[in-house]
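Participant: Test case, fold it:
(2 chains)
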Protein chains: 2
Amino acid sequence: MAGAAGGGRGCVTLCGAQIRDLLDAKHNVLFDCDGVIWNGETAVTGAPEVVSLLKQRGKRVFFVTNNCTRPRENYVQKFSRLGFTDVAEEEIFSSAYCSAAYLRDVARLQGKVYVIGCGGVLKELRDAGVPVAEEEDAEPGASIYNCPLDPDVKAVLVGYDENFTFMKLAKACCYLRSSECLFLATDPDPWHPLRGGRVTPGSGSLTAALETASSRKATVIGKPSRFMFDCISSQFGLDPAHSLMIGDRLETDVLFGSNCGLATVLTLTGVSTLQEAFAFRDSQEPQQKHCAPDYVVESVADILQALEE
Amino acid sequence: MAGAAGGGRGCVTLCGAQIRDLLDAKHNVLFDCDGVIWNGETAVTGAPEVVSLLKQRGKRVFFVTNNCTRPRENYVQKFSRLGFTDVAEEEIFSSAYCSAAYLRDVARLQGKVYVIGCGGVLKELRDAGVPVAEEEDAEPGASIYNCPLDPDVKAVLVGYDENFTFMKLAKACCYLRSSECLFLATDPDPWHPLRGGRVTPGSGSLTAALETASSRKATVIGKPSRFMFDCISSQFGLDPAHSLMIGDRLETDVLFGSNCGLATVLTLTGVSTLQEAFAFRDSQEPQQKHCAPDYVVESVADILQALEE
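Facilitator: The predicted structure is shown next:
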């Protein structure tokens, strides 16, 4: 356990016995989803078995995803569809779910939230009882010069939104003119890989537009902010020292783990590479070092081998 | 001439005789438009007379605007409509015109440019003979997952665009995956004031979204970048030491003047305030000091008084 013992975030590549030792020392395993246990609609080979085996060995397993496009109940269906047969809704913490929890429990929002986002965000807000400012259907000739603004809006929440328009950006910008209006973002992800080498802009991209237009900074709910861990912890009482974060993005998943005091594992089935991990580890910037993982595996399938041996 | 003599960017408030002395020392006067000679569709009182008088006294007058929404020919109409009767198209340098000039003369673009922007940008590009990638009308079901991408696109240009959509952002992001694809922005303006206390997001806001999504930085054509001065200078041979920049935004107009070695005047009929000017002047950051103007006037009407006395 060189990485953990030295506190050095050493990017130590783990194999069989070392993985077993690490898991023996941890009660809770937090997984990112995209790039870790699945890629789009394809499960990473062995990932469903890893989740089942960890649970059978008495570990508590959680899924911590910055993806805000689905409500929790749809995630349960996706898990099931991809062969994860024993995942419960309560174990899934998405940035949409946690944003709703933040507005209800932390901000105790008095008023409505104006949402740039998709169905997943809207559903979680409604389930949490957070009032959402309804979008009027755009009337012909409606523009930022004359469109109605809802005086009850006291927060703006930005997430991934394939129906993002200039008008939504401009309205959000007007709401944020009031310093009493909260400014939240589901997650900071700048982009997401698609099949065929394409990419799609992430919530972080839309948030950057609004931050620039409003001269304000958003409070970010998703990883690497520690709020999602606090959210899990408030319900399940996790001890960071006994928890492990497994992710594929250094600047979000691994930094999140570092921020929360968790041991971190980078898996190479997603966005970040081993070279990028080494670059963070060897950086002279203390902040950058927090993006270097304690451990590295090729795939979560490596855990399966360790558990089965 | 305390400000100029000391090189101190002293925010010296000018009146009558001082303005006359300053103008005597300069051959060229560069004006920003919005907030300086007009606000929306209303000319600043006295501004048309100032422009005429300067020309009668043998000064060369130029208009340097980050506003990319109109082609030059429409600007001539606006000048005329607002009472500026002797402004020629050749004296108007907009970020749209200069972006087209950059692509044609500096980048010597071989291929097409994908435009996030409005009619002013498209018209200037066509006038300059720069090929523009045509937007297909969105077919039902078209998305970033399957939309066609034009292999001839070798540059992305971002300007103010009230028809900005997620799809445009995503397509631009895909084009920028190729390091050979240039990334330009007409201007960095984060937002613009509208009547009634509303604001509208500027080109800088849309550019921030694309910069985040593409992990790249745009080359900015408009103020405070010095390219617009180079553009004027290549046609009219201006000597910076004999040129004066008058603007209302410290971070764009005044910084532009500083970057180009011009004397700078802040006018208080637009966005920036005297307090903000003092804050830049008194800042400990050398970079911030470049945003402090040499001189301050309440309005360009003050110049009229000086010229008429």
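Participant: list the contacts for A:Val153?
Facilitator: Residues in contact with A:Val153 (Cβ atoms under 8 Å, 6 or more residues apart in numbering or on different chains) are A:111-114, A:133, A:175, A:181. No exception for glycine: its C-beta is placed from N, CA and C like everyone else's.
Participant: no wait, A:Glu91
Facilitator: A:Glu91 touches A:61-63, counting by Cβ under 8 Å, 6+ apart.
Participant: Filter the contacts of A:Val153 down to the ones in helices?
Facilitator: Among the contacts of A:Val153, DSSP state H puts A:Tyr175 in helices.
Participant: How far does the biggest helix by length in chain A sit from its chain's centre?
Facilitator: Looking across chain A with DSSP H, the single longest helix is helix A:203-214. Centroid displacement of helix A:203-214 relative to its chain, using Cα atoms, centre = their mean, to the nearest Å, is 18 Å.
Participant: what are the C-alpha coordinates of it, in CSV please?
Facilitator: What follows is helix A:203-214 as a C-alpha-only set of coordinates in CSV (Å, rounded to 0.1, in the frame of the first residue of the first chain):
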residue,chain,number,x,y,z
SER,A,203,-22.7,21.3,-18.2
GLY,A,204,-19.4,23.1,-17.5
SER,A,205,-19.4,24.6,-20.9
LEU,A,206,-22.9,26.1,-20.5
THR,A,207,-22.0,27.2,-17.0
ALA,A,208,-18.9,29.0,-18.4
ALA,A,209,-21.2,31.0,-20.8
LEU,A,210,-23.4,32.1,-17.9
GLU,A,211,-20.5,32.8,-15.6
THR,A,212,-19.0,35.1,-18.2
ALA,A,213,-22.3,36.8,-19.0
SER,A,214,-23.2,37.4,-15.4
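Participant: Summarise which helices and strands that helix is packed against.
Facilitator: On a contact count with 3 or more Cβ pairs under 8 Å, 6 or more residues apart in numbering or on different chains; DSSP states H and E, helix A:203-214 meets strand A:153-158, helix A:166-175, strand A:182-185, strand B:191-193, strand B:199-201, helix B:203-214.
Participant: Near A:Tyr264, how many other residues are there?
Facilitator: I think there's a mix-up here, since residue A:264 is Thr and not Tyr. Residues lying near A:Thr264 (other Cβ atoms under 10 Å in any protein chain shown) number 28.
Participant: Can you name the residues that contact it?
Facilitator: A:9, A:244-247, A:253-254, A:257-258, A:293-295.
Participant: Tell me what it is bridged to.
Facilitator: According to DSSP bridges, the partner residues bridging A:Thr264 are A:Met245.
Participant: Okay, it and A:Gly83: tell me how far apart.
Facilitator: 26 Å (Cβ to Cβ, to the nearest Å).
Participant: Assign the closest residue to chain B within the stretch 1-150 of chain A to helix, strand or coil.
Facilitator: Relative to chain B, the nearest point of the stretch 1-150 of chain A is A:Ile144 (5.2 Å; Cβ to the nearest Cβ). Following DSSP: H, G, I helix; E, B strand; the rest coil, A:Ile144 is assigned to coil.
Participant: Tell me the spacing between it and B:Met245.
Facilitator: 30 Å.
Participant: related to what we said a few turns ago, can you tell me which of the contacts of A:Glu91 are in strands?
Facilitator: Using DSSP state E, A:61-63 are the members of these that sit in strands.
Participant: Can you say which of the residues you listed are buried?
Facilitator: Using 16 or more other Cβ atoms under 10 Å in any protein chain shown as the burial test, the ones in strands among the contacts of A:Glu91 include A:61-63 as buried.
Participant: Work out for me the element A:Val76 sits within.
Facilitator: Using DSSP states H and E, A:Val76 falls within helix A:72-81.
Participant: What's the mean pLDDT across that helix?
Facilitator: Mean pLDDT, helix A:72-81: 96.
Participant: What is it packed up against?
Facilitator: strand A:92-94.
Participant: The strand it packs on packs against which elements?
Facilitator: Partner elements for strand A:92-94 (3+ Cβ pairs under 8 Å, 6+ apart): strand A:60-65, helix A:72-81, helix A:227-236.
Participant: No further questions, thank you.
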